[in-house]
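[1] need a structure here:
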Amino acid sequence: MLYEGNISQWLGRDKLSQQIDHHAYLQSLRANSACEFLLGKPEFESWYDAPDSQQLAILGTTGSGKSVMMSFLIDDLYERTKHKMPKPIILYHYCQNDETGDALYMVSSLILSLLEQCDGLAETFHDWCNQDLRKGNSSPLTNVDKLVDSFQKSVGELYRPLFLVIDGFNECNMESRTVLLETLQALSQNISETKVVLSSRPCQDILNQLDVFPKIDIGSDKARDKIIAEKTVEMNLASLDPDVKQFAVERLSSHAQGCAIWTKMTVADIAAQEIRSLDSMKEFLDSIPLPQELSDFYASLFSRCTGKDPEVQHMAATALEILCAVRRRLSILELAWAVALVTHPDCTTVAEVAGLVDDQRVMSLIGPFIAGVDFNDLKKRQVTFVHPSAKEFVLNGLPLTRSGLQDVETLSSAPSITSRLENTIFDVCVRYLLLDEINNEPLFYEEQIIADELPQDMNLFSDDDGATTYTTDSSWEHWEEGMTRYDPADRGFGEFFVYASCHWIDHFGSITEEPLPNLASVETLCQANSTRLLNWTSQHSRPDCVLQARFEFDGSLYDPLSITSLYGSEELLLEMLETSQFDSPEFLPDTAMLAVDQVLQWGDLRRLRMLFFGRGTARYLQNLDFFRRIIDAWCFSNKSYSRDWDAASDIIDGIPDILAREGWCNELLCLASSRGCQPVTERLMKLARQSSDLRKESIHGTRRQSRSFRVR
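    Alright, predicted model coming up:
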């Protein structure tokens, strides 16, 4: 008894009790049926049934329920081995966000658990400690190497199978992980029946350390999500009516996406707010606000990953905010290149950015917030948030954790987070496309262009001469399968060129709040007939880098005004109409009318009014030719395709003074009538009924010197 008391005092009497208490807590949360799938995994069966030493890793993203599942495995091992002889030793340790992940703490805890199960070892261990102290050495209990050595010898002398279960391997620092793995490796080599299983989040450095371990990826499963929701609701909301509980379970499980911690904390929020009725439950779960406890959890993760260095915080926050704003999943390299450009605003070349890219660092900093990725495929478009709640935290909670954004006045005066992120991703896309190399070399070689014009997979001996065409019955990915592909990085355009080319205009159309971006960069990006314009438009029509374009996007037909008219927000188009010099080299000759043609063919017809009355374009468009183009476009349009032609024709309602002054009414009426363009004809007749001058002019016409229409 004296031995146990001294050892407990030396190693820390609370360590073992803390582990036991935490295990009991996890048992209380657990729905066994949500964990049983692990037992049927081939990797687990091989691990358990093998006659020799084995290792196994259970991998899961943040909040996926790894610790609860490990508690299930521990209890299952106890149940499986309770009648075996010799009786196996089962040791477990939960590493958490504290000292429990330190190597010295872990080994001390495991020794305490070992001594608890094997009474005869206490005296030997006590004598070993005293002997070392009598030699004048510092306490062996503070020397992790000596403690590990003692632990290994003690286990080895028992000649019993050993099961060692370690949860939260990712909570340990690199040094502690290395010590633990070396210890496990030594045990596996020296004890023939050592079975090691550990759980971890799948970070790249950890996957490298666990390279030889067979692995089980927890993943997400709808049936498992429902089981967890049922257990959590029954534990915390038992007093609710059955129909309310059933609704909560169905809604929670449909949104869980494998994130058990979200389910747990959302149910805790429901209980705290004492939501009882079905209508109140529907209202709450329709909006599903981010639980404060979960927000605090994410904030602590961010702080642990980034520390207190503002530059490191900025890099991590930049990566997360980019993921919030992008229109599709990014590859690891795309994200790392974007972060490098944002965090180094002085870069002007692709080569400079390439030298600053640190994809491993970026992924390490944001690892807890993202779903599992394949680190062996850096170009795969796969990086996304582990759960929508993580994205919500970045949008709403992250600014409160960052230096410079923590006082209320700063936050209240800042633009909305959504607006700021749109500006950020727009800026990084445009800045990337403005890098020097993208204007120096064409994206395609001449022979590639020729190959592009040839039919794909042409069979010269087939009677079927029909070209393969895309239909709505198939996906682009299916249609493009087997087609020739290219990599813009091979042309020196780097890894973010594809996303920037394909999606900058999406962000361009979403910027509606001040401060608006400087349009000088857009004018440079879209400069008429520039190599840069031809490059990004060529890539835009090939979003998956297949040589054959999905659609026509001839860059030679466009300039800054036509691109902004088609894709920019109304606010940015108005800004361009107010501030740009349309006779500068960036714009095509007759840019205003060319923009009208593009809008009539592809765009939002409401933009025509903006162009017609625009400060910089009105003098080029307030003529009969403008309306002739509208009438022609209406005549040749596909009437089965709904477009807002009223938006184009309504311009006439606002220009009775111009019609009267210029004497256009008769000529325009004749043209519209001859083409059967009823929207224009009706508006002209309405104006004529309201104005005697216009009525007279529409009947008799006005003699003038200006060029007249010819009805074609």
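
[2] list the contacts of residue 118.
    89, 154, 158 (CB atoms under 8 Å, 6 or more residues apart in numbering). (Each C-beta comes from the backbone N, C-alpha and C, glycine too.)

[3] go again with 10 Å.
    Residues counted as contacts of residue 118 (CB atoms under 10 Å, 6 or more residues apart in numbering) are 89, 124-125, 154-155, 157-158, 160.

[4] can you check residue 650 too?
    Counting by CB under 10 Å, 6+ apart, residue 650 has contacts 605-606, 608-609, 644, 679, 683.

[5] if any of those residues are buried, give me the ChimeraX selection for them.
    Per 16 or more other CB atoms under 10 Å, the buried members of the contacts of residue 650 correspond to this ChimeraX selection:
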select :605,608,679,683
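
[6] now pLDDT, distance to residue 627 and secondary structure too, for the contacts of residue 650, in JSON lines please.
    Formatted as JSON lines, the contacts of residue 650 follow (pLDDT from 0 to 100; distance: CB to CB, whole Å; DSSP: H, G, I helix; E, B strand; the rest coil):
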{"residue": "605", "pLDDT": "96", "distance to residue 627": "13", "secondary structure": "coil"}
{"residue": "606", "pLDDT": "96", "distance to residue 627": "16", "secondary structure": "coil"}
{"residue": "608", "pLDDT": "98", "distance to residue 627": "10", "secondary structure": "helix"}
{"residue": "609", "pLDDT": "97", "distance to residue 627": "13", "secondary structure": "helix"}
{"residue": "644", "pLDDT": "88", "distance to residue 627": "17", "secondary structure": "coil"}
{"residue": "679", "pLDDT": "91", "distance to residue 627": "11", "secondary structure": "helix"}
{"residue": "683", "pLDDT": "91", "distance to residue 627": "11", "secondary structure": "helix"}
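
[7] farthest-separated two in the contacts of residue 650?
    The most widely separated members of those are 606 and 683, with 16.0 Å between them, by CB to CB.

[8] in strands, which of the contacts of residue 118 appear?
    residue 89 (DSSP state E).

[9] which pair of the contacts of residue 118 spans the longest distance?
    The span of the contacts of residue 118, defined through CB to CB, is set by 125 and 160 at 16.6 Å.

[10] compare those two (neighbour count), which wins?
    Using other CB atoms under 10 Å as the criterion, residue 125 and residue 160 rank with residue 125 on top: 23 against 16.

[11] the more buried one and residue 107: what is the separation?
    12 Å (CB to CB, to the nearest Å).

[12] check residue 665 too.
    94 Å.

[13] filter the contacts of residue 118 down to the buried ones and hand me the PyMOL line.
    Applied in PyMOL, the following selects the buried portion of those according to 16+ other CB under 10 Å:
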select buried, resi 89+124+125+154+155+158+160
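
[14] I'd like the contacts of residue 118 laid out as JSON lines, including distance to residue 293 and pLDDT.
    Formatted as JSON lines, the contacts of residue 118 follow (distance: CB to CB, whole Å; pLDDT from 0 to 100):
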{"residue": "89", "distance to residue 293": "37", "pLDDT": "94"}
{"residue": "124", "distance to residue 293": "46", "pLDDT": "75"}
{"residue": "125", "distance to residue 293": "41", "pLDDT": "77"}
{"residue": "154", "distance to residue 293": "41", "pLDDT": "86"}
{"residue": "155", "distance to residue 293": "39", "pLDDT": "88"}
{"residue": "157", "distance to residue 293": "46", "pLDDT": "83"}
{"residue": "158", "distance to residue 293": "43", "pLDDT": "85"}
{"residue": "160", "distance to residue 293": "42", "pLDDT": "91"}
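
[15] which one of the contacts of residue 118 is nearest residue 363?
    Nearest to residue 363 among those: residue 155, at 36.3 Å, using CB to CB.

[16] so what's the closest one up against?
    89, 91, 110-111, 114, 118, 121, 162, 164, 186-187, 190-191, 194.

[17] please indicate which of these are buried?
    Of the contacts of residue 155, these count as buried by 16+ other CB under 10 Å: 89, 91, 110-111, 114, 118, 121, 162, 164, 186-187, 191, 194.

[18] report the two of those residues separated the most.
    118 and 186 (19.0 Å).

[19] I'd like the average pLDDT over the helix or strand where residue 293 lies.
    Using DSSP states H and E, residue 293 sits within helix 292-306. Averaging pLDDT along helix 292-306 gives 94.

[20] what is the host helix or strand of residue 180 packed up against?
    Using DSSP H and E, residue 180 maps to helix 174-190. The elements that helix 174-190 packs onto, with contact taken as 3 or more CB pairs under 10 Å, 6 or more residues apart in numbering; DSSP states H and E, are strand 54-59, helix 103-117, helix 144-156, strand 162-167, strand 194-200, helix 204-209.

[21] deepest-packed of these, please.
    strand 194-200 (a mean of 25; mean count of other CB atoms under 10 Å).

[22] just how off-centre is it within its chain?
    Chain-centre distance of strand 194-200: 31 Å, with CA atoms, centre = their mean, to the nearest Å.

[23] that one to helix 174-190, inter-axis angle?
    160 degrees (axes from the mean of the first three to the mean of the last three CA atoms, to 10 degrees).

[24] got the angle between strand 194-200 and strand 162-167?
    Using the same axes, to 10 degrees: strand 194-200 against strand 162-167 is 0 degrees.

[25] reformat the buried ones among the contacts of residue 155 as TSV; add distance to residue 590.
    Output for the buried ones among the contacts of residue 155, formatted as TSV (distance: CB to CB, whole Å):
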residue	distance to residue 590
89	86
91	81
110	80
111	85
114	86
118	91
121	92
162	83
164	78
186	80
187	80
191	84
194	80
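
[26] confirm for me that residue 322 is in contact with residue 421.
    Yes - under the criterion of CB atoms under 10 Å, residue 322 makes contact with residue 421 at 8.0 Å.

[27] shared neighbours, those two?
    With CB under 10 Å, 6+ apart as the test, residue 322 and residue 421 both reach residue 394.

[28] most widely separated two among the contacts of residue 155?
    The farthest-apart pair in the contacts of residue 155, when distances are taken by CB to CB, is 118 and 186, at 19.0 Å.
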